[in-house]
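Undergrad: Based on what follows, work out the 3D shape:
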Amino acid sequence: MGRRSERLSRQGALAGDAGEGDVIQVVSRAFDVLRCFEGHEARLGNLEISNRCGLPRSTVSRLTHTLTRMGQLVYLPRDQKYRIGPSAVAMSASMMKGAQLRSMIRQRLQEVAEQLPGTVGFVVPDRFHLVYLQFARSPSALGLHEGTGSRIAMASTAAGAAYTAALSPEVGDAFIAEMEREAPEAAKILKPRIEANRQSLRERGYVVACGLWSPHINGLAVPIWSPQYQTFVVITIGLLAAMYDEQRLHAEVAPLMLQLGRSLGSLMEGAEGDAFSNRISRKPVAMAVHNNNKPINSEGVNELEAGTRRARPARSLRAGDGRR
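TA: The predicted structure follows:
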């Protein structure tokens with residue numbers, strides 16, 4: 001009788017583990033669906049969502065039904081499509097607190113944009129993409145027209161190169177391994193360049209990408225440790241390749257972007273309020289990773305800072321590096 005009870009108990013535990021895994025998968029897929037709506041005005045049907053996020057249409061149908069009941073989506077009977085709902089808008093608004101700090105960040109971006117004919121952006125990672133939270137451009141800027149909320153690819157941009165290069169090697173390699181499984185074409189672009197990007201970041205404090213996103217655009221990016229997100233954010237600039245070749249990026253653009261990185265790094269570390277989310281109180285820990293040509297003093301340590309702890313499995317990166 002005792003053995004039978006023990007066996008039943010083990011089976012129950014295994015069932016519980018499986019159930020927890022199912023719940024995690026459902027939550028992950030729900031966020032995949034929400035990511036398809038890049039703007040509040042975007043309207044998508046189940047088939048379009050299925051094509052965008054690679055999930056079966058039947059799965060998407062169940063998810064959109066649930067998300068609609070939760071207020072995350074709104075169903076439009078006339079169009080037979082969905083759009084972002086009031087709950088999702090409210091949630092995003094609550095994450096974008098600290099208007100004064102965000103205004104100061106944008107002001108500093110604008111100061112650089114007035115000296116260079118390009119688009120300067122402040123981006124945060126979101127799985128295999130990055131999202132513009134702030135941007136500035138000069139009136140003479142040509143070729144790039146990204147704005148707040150725009151998503152750019154991690155693999156084919158200077159910002160993505162800088163972000164992945166800033167991760168500790170163990171975590172960065174695990175991230176690329178995950179990308180190889182879920183976005184193999186993107187991984188083929190990023191993986192061959194990762195070591196060169198890491199070397200550039202160690203030696204210069206920034207990463208360049210010439211003609212990678214577009215043959216007409218050259219970019220330069222600087223990663224910054226964010227206490228608010230407990231991961232790296234990135235400042236990046238895109239300029240016309242015909243005007244700014246790689247040599248000119250190093251000579252004229254890099255000094256301004258490195259100075260901007262130091263300014264924003266100090267601004268975020270010393271901020272009383274959060275830029276975009278609730279601050280997590282942690283003890284300051286000095287990091288060995290070079291950022292903006294100097295060690296970073298962070299308010300917390302995790303696997304993405306300096307490899308000071310063992311890397312998590314690739315699946316845990318989504319929660320572990322501040323991507324929500």
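Undergrad: wait, I84 sits on L73?
TA: Yes - at 6.7 Å, I84 and L73 qualify as touching, with contact defined as Cβ atoms under 8 Å. The C-beta positions use only the backbone N, C-alpha and C, and glycine is treated the same way.
Undergrad: who's more crowded, those two?
TA: L73 (26 against 21; other Cβ atoms under 10 Å).
Undergrad: that older thread, overlap in contacts of I84 and L73?
TA: Counting by Cβ atoms under 8 Å, 6 or more residues apart in numbering, the shared contacts of I84 and L73 are L34, F37.
Undergrad: Could you verify that L130 is part of a strand?
TA: Yes - the assignment for L130 by DSSP: H, G, I helix; E, B strand; the rest coil puts it in a strand.
Undergrad: list the contacts for it?
TA: Going by Cβ under 8 Å, 6+ apart, L130 touches V123, V124, R151, I152, M154, T157, A159, G160, Y163, V234.
Undergrad: ok, V208 touching S200?
TA: Yes - taking Cβ under 8 Å as the definition, V208 is a contact partner of S200 at 7.1 Å.
Undergrad: So these two - more neighbours on which side?
TA: V208 (20 against 17).
Undergrad: Bridge partners for the more buried one, pull those for me.
TA: Per DSSP bridges, the residues bridged to V208 are L220.
Undergrad: What segments of the stretch 1-150 of the chain are strands?
TA: All strands of the stretch 1-150 of the chain, identified by DSSP state E, counting those that start in this stretch, fall at 73-76, 81-84, 119-126, 129-137.
Undergrad: The longest one vs strand 119-126, what angle?
TA: Interaxial angle of strand 129-137 relative to strand 119-126 (axes from the mean of the first three to the mean of the last three Cα atoms, to 10 degrees): 160 degrees.
Undergrad: Work out the sheet partners of strand 129-137 and label each with its direction, please.
TA: strand 119-126 (antiparallel), strand 151-153 (antiparallel).
Undergrad: so which of those strands gets nearest R248?
TA: Shortest distance between R248 and these, using Cβ to Cβ, is found for strand 119-126: 16.2 Å.
Undergrad: Look at L201 and say how many residues are nearby.
TA: Neighbour count for L201, taken as other Cβ under 10 Å: 22.
Undergrad: mind checking which helix or strand it is in?
TA: helix 194-204 (DSSP states H and E).
Undergrad: And for L267?
TA: Per DSSP H and E: helix 254-269 holds L267.
Undergrad: Also compute the angle for that helix relative to helix 194-204, please.
TA: Interaxial angle, helix 254-269 versus helix 194-204 (the same axes, to 10 degrees): 90 degrees.
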